[in-house]
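A.B. asks: the following block contains a protein sequence and its predicted model.
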Amino acid sequence: MLDHVGIPAADVEASAAFYLALMAPAGWREATRIPTPGGPVLGLAAGDGPPDFWLSPTAGPLAGELHLAFVVADRAVVDAVHGAAVTLGAEVLHAPREWPEYHPGYYAVFVRDPDGHNVEAVVHS
């Protein structure tokens with residue numbers, strides 16, 4: 001349904017470093033960097049694909065929490081994302097587990113990003 005998503009970040013470089021380290025088990029990389037007067041706009045991609053997750057400088061204070069769920073290849077990647085979150089010192093909202101209330105085989109971890117957003121790595125098996 002979605003082609004790509006972009007979110008504002010208080011510190012684009014710090015947020016990009018967080019996401020690239022967090023999602024390294026899923027093969028994320030910086031694919032595009034566009035300089036702007038307010039700071040860079042960064043496009044992140046999984047593997048060799050085009051950028052589908054964008055970070056841009058915020059025009060003002062961030063208000064509210066976003067929930068971002070990223071599909072990964074398998075449970076081992078969910079577990080590795082959890083390990084990366086712990087290494088980064090990120091707040092783990094929910095450790096990896098199956099969520100049968102969503103549907104059988106829904107396995108996910110939920111963590112907080114530097115801007116306070118709820119980030120999920122999920123596999124549907």
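C.D. replies: Perfect, I can see it now.

A.B. asks: pLDDT below threshold where in the chain?
C.D. replies: 1 (pLDDT under 70).

A.B. asks: could you pull out the strands for it?
C.D. replies: Assigned by DSSP state E, the strands in the chain fall at 5-9, 28-34, 41-46, 53-57, 67-71, 92-98, 106-112, 118-124.

A.B. asks: looks like residue 92 contacts residue 109 (just checking).
C.D. replies: Yes - in this structure, residue 92 is within contact of residue 109 by CB atoms under 8 Å, at 7.2 Å. Every C-beta, even on glycine, is put in place using the N, C-alpha and C of the backbone.

A.B. asks: between these two, what contacts are shared?
C.D. replies: Residues within reach of residue 92 and of residue 109 at once, by CB atoms under 8 Å, 6 or more residues apart in numbering, are 82, 85.

A.B. asks: so which of these two has more stuff around it?
C.D. replies: Neighbour count, other CB atoms under 10 Å: between residue 92 and residue 109, residue 109 has more, with 25 against 13.

A.B. asks: distance check, the most far-flung residue of the chain relative to its centre against residue 81.
C.D. replies: Computed with CA atoms, centre = their mean, the residue of the chain farthest from its C-alpha average is residue 37, at 24.8 Å. Going from residue 37 to residue 81 by CB to CB, to the nearest Å gives 34 Å.
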